[in-house]
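**Student:** sequence and predicted structure below; questions after.
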Amino acid sequence: MIGFLVTLLAVFVFVGLRSGPLAPIPITVSTVENRSISPALFGVGTVQARYTYKIGPTAVGRVKSVFVQVGSPVKAGQLLGEMDPIDLDDRIGALDAALLRAQSTALVAEAQVQEVSARKRFAEAQLQRYEKLWADSVVSKEAVEIKRQEQQIAEAGLHAARANLEASRHEHLRTRAERNGLTQQRHNLRLIAPVAGLVSLRAADPGTTVIAGQSVIEIIDPISLWIHVRFDQLRAAGLKEGLPAQIVSRSSSEKSIPGRIARIELLADAVTEESLAKVVFATLPNPLPPIGELAEVTVALPPTAARPVISNASVQQRHGQLGVWVVTEDRLRFAPVKLGATDLDGRVQILEGLKSGERIVVHSQRPLETHSRFSVVNRLPGITP
């Protein structure tokens, strides 16, 4: 009986050490390689138009007609719509009449100036004649004073006539300027396309009342489409203008469109810790992607210098530190590491913490500790090699 119990206990211990919780943990390992990688950035952005033209009235009014629809191509100078002029035409007609009256008033004032000028010349001649007669004692001094007073009255009348003429001319200019302003305001009621492009928005229909500055029609330049992309700041080192990129829109996920980095924004998003960039298409897709559609952008960065490279699946977090499990003979050691550039194949460069040729754990069936027993296998069930 004792022998049986000892045998049973030995079998139990053997089974517990081989297949129970005390059994060695299966792991897969790899060797740290010293090599160069071609890192890449992956970001998500939205399709935007670099130039958007919002066309609307400069004063409060009611939309009279709109001649285009969303998606319609337009030419520069094309009439897109028109606002209801209401009483502008009548006011312009009234100012036309006022302008004619001002012209007539100016002509009358000019005639008055000519008439008063003739009277002044006659009064001056009479004054000179009477002064000579008084010198010859032919007329009295009172008669000379009367002629001098008539000359002064004529001179004052001439000043008044000239002032009246100047006022008439100013009134004519004021009326003309007011008419030109109303004419320009009437012209602004015509909604004209400033450039050639596509209608992206029709914000108001005939009969709608809009305020000054409110857009009725929006036009975009299809040549100026680009992607507003966000990249993780931790991985954005090396991102610069001119790098090639691949664009995959959500509406055509099976097709990749080549592009390039057009601009790196000076302002980043401090909340999401992302860098912002603009990516342009090398060739505009046909049909054009909708404005605001999401797109995935992959940017190829320049190759890095040779450094130790591991699979990013081997990177673990332990006690708030990033590191990997290093296999040294039959023992495990957790080595904190400093990560560098990564590529789209799942490889990451190690800046500090590992050396080339060291063996590290890639996958394990259970969490590891420094005292864990392990066994190296080729692959774990359920994990693609």
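**Tutor:** Sure, I can see it.
**Student:** how many neighbouring residues does the nearest residue to Glu124 once chain neighbours are set aside have?
**Tutor:** Spatial nearest neighbour of Glu124, chain neighbours left out: Gln151 (5.5 Å); criterion: C-beta to C-beta, 6 or more residues apart in numbering. No exception for glycine: its C-beta is placed from N, CA and C like everyone else's. Residues near Gln151, counting by other C-beta atoms under 10 Å, number 20.
**Student:** just the element for Gln151, please.
**Tutor:** Gln151 belongs to helix 141-188 when assigned by DSSP states H and E.
**Student:** sheet partners, orientation included, of the next helix or strand along the chain from that helix?
**Tutor:** Counting by DSSP H and E, the next helix or strand C-terminal to helix 141-188 is strand 190-192. Partners of strand 190-192 in the sheet, by DSSP bridges, are strand 79-83 (antiparallel).
**Student:** show me the contact partners of the partner strand.
**Tutor:** 55, 57, 61-68, 74, 189-193, 199, 216-217 (C-beta atoms under 8 Å, 6 or more residues apart in numbering).
**Student:** any idea of the angle that strand forms with helix 141-188?
**Tutor:** Angle, strand 79-83 to helix 141-188, by axes from the mean of the first three to the mean of the last three C-alpha atoms, to 10 degrees: 120 degrees.
**Student:** about what we covered before: just the buried residues out of the contacts of strand 79-83, in ChimeraX syntax.
**Tutor:** Burial among these is assessed by 16 or more other C-beta atoms under 10 Å; the matching ChimeraX selection reads:
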select :55,57,61,63,64,66,68,74,189,191,193,199,216,217
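**Student:** on that earlier part again, the residue nearest to Glu124 contacts Leu127, correct?
**Tutor:** Yes - taking contacts as C-beta atoms under 8 Å, Gln151 lies within contact range of Leu127: 4.7 Å.
**Student:** show me whatever sits in contact with both of these two.
**Tutor:** By C-beta under 8 Å, 6+ apart, Gln151 and Leu127 have no common neighbours.
**Student:** need phi/psi at the residue sitting nearest the centre point of the chain.
**Tutor:** Centroid check for the chain by C-alpha atoms, centre = their mean gives Arg50 as the closest residue, at 6.1 Å. Backbone torsions of Arg50, given as degrees, to the nearest 10, read phi -70, psi -40.
**Student:** how many neighbouring residues does the residue lying closest to it once chain neighbours are set aside have?
**Tutor:** In space, and not counting its chain neighbours, Arg50 is closest to Ser224: 3.6 Å by C-beta to C-beta, 6+ apart. By other C-beta under 10 Å, 14 other residues sit near Ser224.
**Student:** pretty sure Ser224 is touching Gln48, no?
**Tutor:** No - counting by C-beta under 8 Å, Ser224 sits too far from Gln48 to count as a contact (9.0 Å).
**Student:** surely Val377 meets Val29?
**Tutor:** No - Val377 lies out of contact with Val29 (C-beta under 8 Å); the separation is 9.2 Å.
**Student:** from Pro289, how far off is Ala196?
**Tutor:** 20 Å (C-beta to C-beta, to the nearest Å).
**Student:** the more surrounded of the two?
**Tutor:** Set Ala196 next to Pro289 and count neighbours by other C-beta under 10 Å: Pro289 wins out with 21 against 15.
**Student:** could you pull out the strands in the stretch 1-150 of the chain for me?
**Tutor:** Using DSSP state E, counting those that start in this stretch, the strands of the stretch 1-150 of the chain run over 25-31, 33-35, 40-49, 52-55, 61-66, 73-74, 79-83.
**Student:** out of these, flag the one nearest Val248.
**Tutor:** With distances scored as C-beta to C-beta, the stretch of the strands of the stretch 1-150 of the chain nearest to Val248 is strand 40-49 (10.2 Å).
**Student:** give the other helices and strands that that closest one contacts.
**Tutor:** strand 225-232, strand 294-300 (3 or more C-beta pairs under 8 Å, 6 or more residues apart in numbering; DSSP states H and E).
**Student:** parallel or antiparallel, list what pairs with the longest one.
**Tutor:** Strands that pair with strand 225-232, judged by DSSP bridges, come out as strand 40-49 (antiparallel), strand 274-281 (antiparallel).
**Student:** report the beta-bridge partners for Pro73.
**Tutor:** Bridge pairing for Pro73 - DSSP bridges - gives Leu198.
**Student:** could you shift the numbering so residue one becomes 21, and keep it that way?
**Tutor:** All set: I'll call the first residue 21, so the last point we hit is now Pro93.
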